[in-house]
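Q: just a sequence and a predicted model for now, questions to come.
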Amino acid sequence: MGSTLLMPAGRYYETKVLGYAQLERAVRLSTGKLVKTPKDQLMNEPGLGRGRVTNLNVTRRAHENDEDLIAKFKQFVDMKWVRPTDVA
């Protein structure tokens, strides 16, 4: 319940949407290393600017490839959220 405070659209965009876009464009070198475009560069590419339309479009593309970005984001947030301790 309290973790929803950590789930703004901007955070989703910066973590899961751009992360998925990185993997879509990644190139594997002959050494096996995966080379990804930095997120700050992806933000300036057409169709990847910050906003609701981008979040929806990338989330739909991921879903078509059996990737649930929303579930992954909720898991990410749950791992970051720490229950406040009771004040005596």
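A: All right, it came through fine. This one's a predicted model, so the numbers in the text were calculated from it and none came from an experiment.

Q: tell me which residue lies nearest the centroid of this structure.
A: Nearest to the geometric centre of the chain sits K16, at 0.7 Å (Cα atoms, centre = their mean).

Q: how far away is K39 from L69?
A: Distance, K39 to L69, using Cβ to Cβ, to the nearest Å: 15 Å. No exception for glycine: its C-beta is placed from N, CA and C like everyone else's.

Q: who has more neighbours out of these two?
A: Legend: neighbour count by other Cβ atoms under 10 Å for K39 and L69, higher for L69 (21 against 16).

Q: how close does the more buried one sit to G32?
A: According to Cβ to Cβ, L69 and G32 sit 26 Å apart.

Q: kindly report the same for R61.
A: Taken as Cβ to Cβ, the span from R61 to G32 is 25 Å.

Q: looking at the two, which is more packed in?
A: R61 (15 against 6).

Q: for the more buried one, what are phi and psi?
A: Main-chain torsions, R61, degrees, to the nearest 10: phi -60, psi -40.

Q: check the spacing between it and L29 real quick.
A: 24 Å.

Q: ok, which stretches of the protein are strands?
A: With DSSP state E as the criterion, the chain has strands at 27-28, 34-35.

Q: for the first one, which outside residues touch it?
A: Contact partners of strand 27-28, identified using Cβ atoms under 8 Å, 6 or more residues apart in numbering, comprise L34, V35.

Q: pairing partners for that strand, with directions?
A: Next to strand 27-28 in the sheet, as set by DSSP bridges, lie strand 34-35 (antiparallel).

Q: lowest-confidence helix or strand of the protein?
A: Least confident helix or strand, the chain: helix 69-80 with a mean of 88, by mean pLDDT, DSSP states H and E.

Q: that helix packs against which elements?
A: Contact analysis of helix 69-80 by 3 or more Cβ pairs under 8 Å, 6 or more residues apart in numbering; DSSP states H and E lists helix 9-12, helix 52-64 as its packing neighbours.

Q: quick one: that helix to helix 52-64, angle?
A: For helix 69-80 against helix 52-64, the angle by axes from the mean of the first three to the mean of the last three Cα atoms, to 10 degrees is 100 degrees.

Q: good, wrapping up.
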